[in-house]
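A.B. asks: Sequence plus the predicted model coming up.
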Amino acid sequence: MQQAQQREIPERISWARAMIFAIGFFFIAAILVGQLPGYINLMMTSSSLLGLEQGLLALAAICLAGFFVIQTIVMLFDPKPLVPPIIFSGLGAVLTVGGLALLLWAVFTNNQYFPSASISWASVLGGNFLWFQPDAVDFVMLGAVIFGVGIANIFYSVLALGEMRNPDRSDRGTTPGIRVLIAIGAILLIACMIFYTWISDQGLAYQLFPGNPTTGQLIIDTILNCVLGIAIFCVLGAFGLRLHFLMRPVRKRTMAPLYAVGALGLAQIGAICLLAFLFVYPLIDWMHTWSFIGLGSYLTICAKQSAIPASCFFAPQAGYIMDAVLTMNAFVLLMASIVVWKTKRNLVVIGGVTIVAVIALATLLTHTAPNEILIAMLLCGGGLMVAAIWTTVARREFAIVGEKNLGCLGMWLVVGTCLFVYIAGFAFFSIPGFNETEPNIPFTPGSALQLHPIGNNPPVAGAADAVVTFIIMALLAGLQFYFLVRNRYKV
């Protein structure tokens with residue numbers, strides 16, 4: 001009888017921690033099953049494949065960068081440095097300086113995209129550079145990825161140097177430093193969200209710089225981007241440090257799952273996206289010639305027969321097929337994580353928090369256009385916040401931390417918290433004005449200071465419904481979650 005009770009102890013979990021895991025998986029499912037397939041479908045069936053090329057390159061860059069960072073972690077902490085940490089410090093410094101230089105050069109010289117429409121180098125299949133159409137490569141995105149990888153190398157090399165001097169390998173938990181980083185990131189994200197909701201950056205530029213509003217908006221957006229960048233790095237630092245502490249005592253059991261996520265997941269997806277980016281135009285040119293049961297005209301559409309493949313794009317049927325493939329694979333992956341939860345718990349936890357962080361960064365890197373980057377940084381920070389909070393409760397997630405059985409009040413706290421989080425999630429996803437995102441709740445920036453009308457267009461009134469709904473639902477969910485934690489309910 002006593003032995004049976006000992007076997008049951010590791011399976012018990014508090015409802016508060018179960019809620020954190022459920023919220024994390026909800027956002028993963030919402031993006032992998034809903035947002036990402038819809039984004040790929042829209043880019044494939046647009047009248048120009050430019051968005052698809054830029055998106056594929058961004059997804060390839062973030063996946064390969066994530067794999068490179070995971071390789072750095074494995075070589076520095078599995079279970080001791082296989083490569084001297086100082087080498088990664090030097091490599092990180094070079095990548096940081098190079099990525100920042102590329103980023104600043106692309107922004108301030110207005111050379112964000114390559115090739116330009118005036119370039120014609122080794123043109124093939126009607127492309128400007130080989131078969132690539134104008135603006136296929138985003139230097140801002142590449143600079144941000146290189147800069148981020150450099151910072152990650154420096155960050156983990158410093159941690160490795162510290163461990164070489166200190167033999168302590170215990171989990172320090174959510175230290176005050178981690179809490180401060182999360183708090184700073186959350187405050188900055190909320191402040192920028194409220195500011196952007198009530199004051200339009202474009203309208204403010206016309207108010208402060210009436211003679212040159214374009215330059216004024218560039219200055220205002222640069223300031224907002226810097227603030228949001230600080231918030232992202234704070235939350236990302238808290239996530240990276242907490243994940244490091246989480247894995248440190250059990251590296252023999254967590255390094256293999258982490259490597260599997262990087263090598264079998266991120267590296268493979270990155271390679272597929274990179275190949276698709278490189279050969280999407282030759283592929284559609286070849287598919288256009290398929291005559292077997294009319295597959296060529298069924299899967300592709302070409303606006304001009306004299307401009308093939310430059311005027312070609314995928315038919316809606318091809319988009320539906322790819323949508324189904326992506327949705328099915330994401331759904332199978334999520335269901336598999338539930339099936340192997342008991343036997344491969346480390347793989348699910350490490351893979352879950354890593355995928356959340358990668359998805360959050362991919363949201364930013366696929367929307368680096370000047371009219372999208374502010375909202376993209378806000379969404380990126382929100383996703384990283386979910387990953388950081390999830391990681392803070394992942395240690396000893398099956399420890400017995402509750403004494404009370406779930407009664408009537410506890411059931412309402414669980415169901416009510418889930419409902420409020422669900423509505424808050426829909427409100428949060430309604431904030432971006434991206435083409436692939438269908439808003440559920442109206443949102444237009446500038447409730448107090450509206451967008452300045454351009455030309456003969458009528459003024460656009462601001463609508464803060466999505467942000468107001470998100471704030472109210474988040475406060476109600478937080479209040480109920482507080483009582484859920486305080487009552488210490490057990491599953």
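C.D. replies: All right, it came through fine.
A.B. asks: and residue 482, how many neighbours?
C.D. replies: 13 (other Cβ atoms under 10 Å). Heads up, the C-betas are built off the backbone N, CA and C, glycines and all.
A.B. asks: what comes up buried for the helix or strand encompassing residue 324?
C.D. replies: Taking DSSP states H and E as the criterion, residue 324 maps to helix 316-339. Residues of helix 316-339 classed as buried by neighbour count (16 or more other Cβ atoms under 10 Å): 318, 319, 322, 323, 326, 327, 330, 333, 337.
A.B. asks: My read is that residue 193 contacts residue 378, right?
C.D. replies: Yes. Between residue 193 and residue 378 there is a contact at 5.9 Å, judged by Cβ atoms under 8 Å.
A.B. asks: out of the two, which sits in the more crowded spot?
C.D. replies: residue 378 (24 against 21).
A.B. asks: ok now the strand or helix carrying that one, how far from the chain's centre?
C.D. replies: Residue 378 belongs to helix 373-392 when assigned by DSSP H and E. With Cα atoms, centre = their mean, to the nearest Å as the basis, helix 373-392 stands 7 Å off its chain's centre.
A.B. asks: Send me that helix as CSV with only the CA atoms.
C.D. replies: This file holds the C-alpha atoms of helix 373-392, laid out as CSV (Å, rounded to 0.1, in the frame of the first residue of the first chain):
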residue,chain,number,x,y,z
ILE,A,373,7.4,45.9,-37.4
LEU,A,374,5.9,47.7,-34.3
ILE,A,375,3.1,45.3,-33.9
ALA,A,376,5.4,42.4,-34.8
MET,A,377,7.7,43.3,-32.0
LEU,A,378,4.8,43.6,-29.6
LEU,A,379,3.5,40.1,-30.6
CYS,A,380,7.1,38.7,-30.3
GLY,A,381,7.4,40.1,-26.8
GLY,A,382,4.1,38.6,-25.8
GLY,A,383,5.1,35.2,-27.1
LEU,A,384,8.4,35.3,-25.3
MET,A,385,6.6,36.3,-22.1
VAL,A,386,4.5,33.1,-22.4
ALA,A,387,7.7,31.1,-22.9
ALA,A,388,9.4,32.7,-19.9
ILE,A,389,6.4,32.2,-17.6
TRP,A,390,6.0,28.6,-18.7
THR,A,391,9.7,27.9,-18.0
THR,A,392,9.4,29.4,-14.5
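A.B. asks: What residues of that helix count as buried?
C.D. replies: Residues 373-392 are the ones in helix 373-392 that count as buried (16+ other Cβ under 10 Å).
A.B. asks: can you give me the strands for the stretch 1-150 of the chain?
C.D. replies: Counting by DSSP state E, counting those that start in this stretch, the stretch 1-150 of the chain has strands at residues 113-114, 137-138.
A.B. asks: what residue ranges in the stretch 351-491 of the chain score low on pLDDT?
C.D. replies: Within the stretch 351-491 of the chain, the stretches with pLDDT under 70 are 395-403, 433, 435-438, 455, 491.
A.B. asks: now with 80?
C.D. replies: 394-405, 432-440, 450, 452-462, 487-491 (pLDDT under 80).
A.B. asks: Helices along that one, start to end?
C.D. replies: For the stretch 351-491 of the chain, applying DSSP state H, counting those that start in this stretch gives helices covering 373-392, 408-429, 465-486.
A.B. asks: Can you say which of those is nearest to residue 116?
C.D. replies: For the helices of the stretch 351-491 of the chain, the distance to residue 116 is smallest for helix 373-392, at 20.5 Å, taking Cβ to Cβ.
A.B. asks: circling back to that earlier point, looking at the strands of the stretch 1-150 of the chain, which is buried most?
C.D. replies: Mean neighbour count (mean count of other Cβ atoms under 10 Å) peaks for strand 137-138 among the strands of the stretch 1-150 of the chain, with a mean of 20.
A.B. asks: Does anything pack onto that one? Which helices or strands?
C.D. replies: helix 50-77, strand 113-114 (3 or more Cβ pairs under 8 Å, 6 or more residues apart in numbering; DSSP states H and E).
A.B. asks: Work out the gap between the longest one and the centre of the chain.
C.D. replies: Right, the one you point to is helix 50-77. Distance, centroid of helix 50-77 to centroid of chain: 12 Å (Cα atoms, centre = their mean).
A.B. asks: got it, and the last one?
C.D. replies: The gap between where strand 113-114 is centred and where its chain is centred comes out at 23 Å by Cα atoms, centre = their mean.
A.B. asks: Roughly how far does residue 370 sit from residue 380?
C.D. replies: Going from residue 370 to residue 380 by Cβ to Cβ, to the nearest Å gives 16 Å.
A.B. asks: How about residue 58?
C.D. replies: 12 Å.
A.B. asks: Just give the number of residues close to the closest residue to residue 113 other than its chain neighbours.
C.D. replies: Of all residues not flanking residue 113 in the chain, residue 135 sits nearest, at 3.7 Å (Cβ to Cβ, 6 or more residues apart in numbering). Using other Cβ under 10 Å, residue 135 has 18 other residues around it.
A.B. asks: my guess is residue 135 meets residue 51, correct?
C.D. replies: No. Using Cβ under 8 Å, residue 135 is not in contact with residue 51; the gap is 9.8 Å.
A.B. asks: Common neighbours of these two, please.
C.D. replies: With contacts taken as Cβ atoms under 8 Å, 6 or more residues apart in numbering, residue 135 and residue 51 have no neighbour in common.
A.B. asks: Surely residue 251 and residue 74 touch.
C.D. replies: No. Judged on Cβ under 8 Å, residue 251 makes no contact with residue 74 at a distance of 9.7 Å.
A.B. asks: Ramachandran coordinates for residue 130?
C.D. replies: phi 50, psi -130 (degrees, to the nearest 10).
A.B. asks: Who's the closest spatial neighbour of it, skipping the chain neighbours?
C.D. replies: Nearest non-adjacent residue to residue 130 (Cβ to Cβ, 6+ apart): residue 124, at 5.3 Å.
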